[in-house]
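curious how this folds, go ahead:
(one chain, ligands or ions: 1)
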Amino acid sequence: MTFSHKHLLGIEHLHPRDITAILDLADEYVDLNRRAEKHADALRGLTQVNMFFENSTRTQASFELAGKRLGADVMNMAMQASSIKKGETLIDTAMTLNAMHPDLLVVRHPHSGAVDLLAQKVNCAVLNAGDGRHEHPTQALLDALTIRRAKGRLHRLNIAICGDIAHSRVARSNLILLGKMENRIRLIGPPTLMPSQISEFGVEVYDDMREGLQDVDVVMMLRLQKERMDGGFIPSEREYYHRYGLDAEKLALAKPDAIVMHPGPMNRGVEIDGTIADDINRSVIQEQVEMGVAVRMAAMDLLARALKAQRLAEAG
Ligand code: NCD
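The predicted structure is shown next:
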């Protein structure tokens, strides 16, 4: 399996072949992660640094576990969001870290494009763990793996992405990935939470959830990202739940075997009914978390192989 990319900055840069390569390798890591002995040595001797300038539970924990299971030395830098003053601070931090010779740098940052900028300044592989509302590639990959395992394929599915699309890097990366794999995508949400240039993406847009959910195979719910809103996007949480919250009545409009997804963290009773989220016959939310570790192992493994090949070529 070869991977020709130096970094994983977004789904935008990936070919469907790259996506399949990551998912195939991740399937192998799912098996490893279910064993009592979970160690492999794909990253042995390498140093992984996690730099999270924004809060994270799942993403940071799974990157850390992924690195440790593959034998890397993993360091978590505690980056206080309050200490970032954009541009210079970020680059200064990156240069300092770079001098310590990391091999893999995992970065989450509140500004769209910050991770791309950083990747130009360091000589190691950079993985985007979410930048502003731009991209969150490993989330889209873990969602893809979850869908592929639940549905047996990752093409020609009807997939609804619902809720706060405008502020969501998860929606953006998923839109790009699922589109590349030739699925039919519907975006459902109030017009105030739809990005303005959405028509360019070649998707169907609905503001009526009952209409949009008809016959879909996958229902992907998104968190209302209040930290990215400056007021006035929704009338009230109660009203929002009534119109756009996923409950049993609305879910009944999707296919009988439709799966329910959510990247977390969830606001129960705002975008999703707690009983739906916990229904093991419909919800794959826990599987998403499990796939997250495996996908991150696969992505770092493939980037490390590319890095080693590049270093060998430079040395020889
Ligand atoms: C998402 C994120 O941070 O972009 N969470 C995650 O990575 N699992 C989605 C969100 O914050 O709503």
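
alpha carbons only for contacts and neighbour counts from here, please
Noted.

surely residue 168 and residue 130 touch.
No. In this structure, residue 168 is not within contact of residue 130 by Cα atoms under 8 Å, at 9.9 Å.

tell me where the chain has helices.
16-33, 58-69, 87-98, 114-119, 137-151, 169-180, 209-212, 237-244, 248-251, 274-277, 285-315 (DSSP state H).

same for the third one, what does it pack against?
Meaning helix 87-98. Contact analysis of helix 87-98 by 3 or more Cα pairs under 8 Å, 6 or more residues apart in numbering; DSSP states H and E lists helix 114-119 as its packing neighbours.

what residues are up against residue 169?
130-136 (Cα atoms under 8 Å, 6 or more residues apart in numbering).

again, 6 Å this time
Applying Cα atoms under 6 Å, 6 or more residues apart in numbering, we find residue 169 in contact with 133-136.

go on, residue 205?
186-188.

can you check residue 129 too?
Residue 129 touches 107-108, 136, counting by Cα under 6 Å, 6+ apart.

could you do residue 155 as well?
By Cα under 6 Å, 6+ apart, the neighbours of residue 155 are 181-183.

hmm, back to that, which one's more surrounded, residue 168 and residue 130?
residue 130 (33 against 25; other Cα atoms under 10 Å).

for residue 65, see how far away the closest residue to the more buried one other than its chain neighbours is.
When the adjacent residues along the chain are set aside, residue 130 lies closest to residue 136, with 4.3 Å between them (Cα to Cα, 6 or more residues apart in numbering). As for residue 136, its distance to residue 65 is 18 Å (criterion: Cα to Cα, to the nearest Å).

neighbour count: the two, which is higher?
Comparing residue 136 with residue 65 by other Cα under 10 Å, the one with more neighbours is residue 136, at 26 against 17.

the chain against the ligand: which residues are in contact?
58-59, 130, 169-170, 223, 263-265 (Cα under 6 Å from any ligand atom).

are any of these buried, and if so which?
Using 16 or more other Cα atoms under 10 Å as the burial test, the residues of the chain next to the ligand include 58-59, 130, 169-170, 223, 263-264 as buried.

quick check: buried residues in stretch 166-186?
Result for stretch 166-186 [16+ other Cα under 10 Å]: buried residues 166-181, 183-186.

centre of the chain to stretch 8-27, how far?
12 Å (Cα atoms, centre = their mean, to the nearest Å).

end to end, how far does that stretch reach?
Where stretch 8-27 begins and where it ends lie 19 Å apart, using Cα to Cα.

what's the answer for stretch 62-79, then?
18 Å.

for that stretch, what is the average pLDDT?
The average pLDDT within stretch 62-79 is 94.

number the residues from 831 up from this point.
In the new count, where the first residue is 831, that last one comes out as stretch 892-909.

contacts for it, please.
Residues outside stretch 892-909 that contact it (Cα under 6 Å, 6+ apart): 869-874, 876-883, 1123, 1127.

compare these and tell me which is most surrounded.
Neighbour counts for the contacts of stretch 892-909 peak at residue 1127, which has 28 neighbours (criterion: other Cα under 10 Å).
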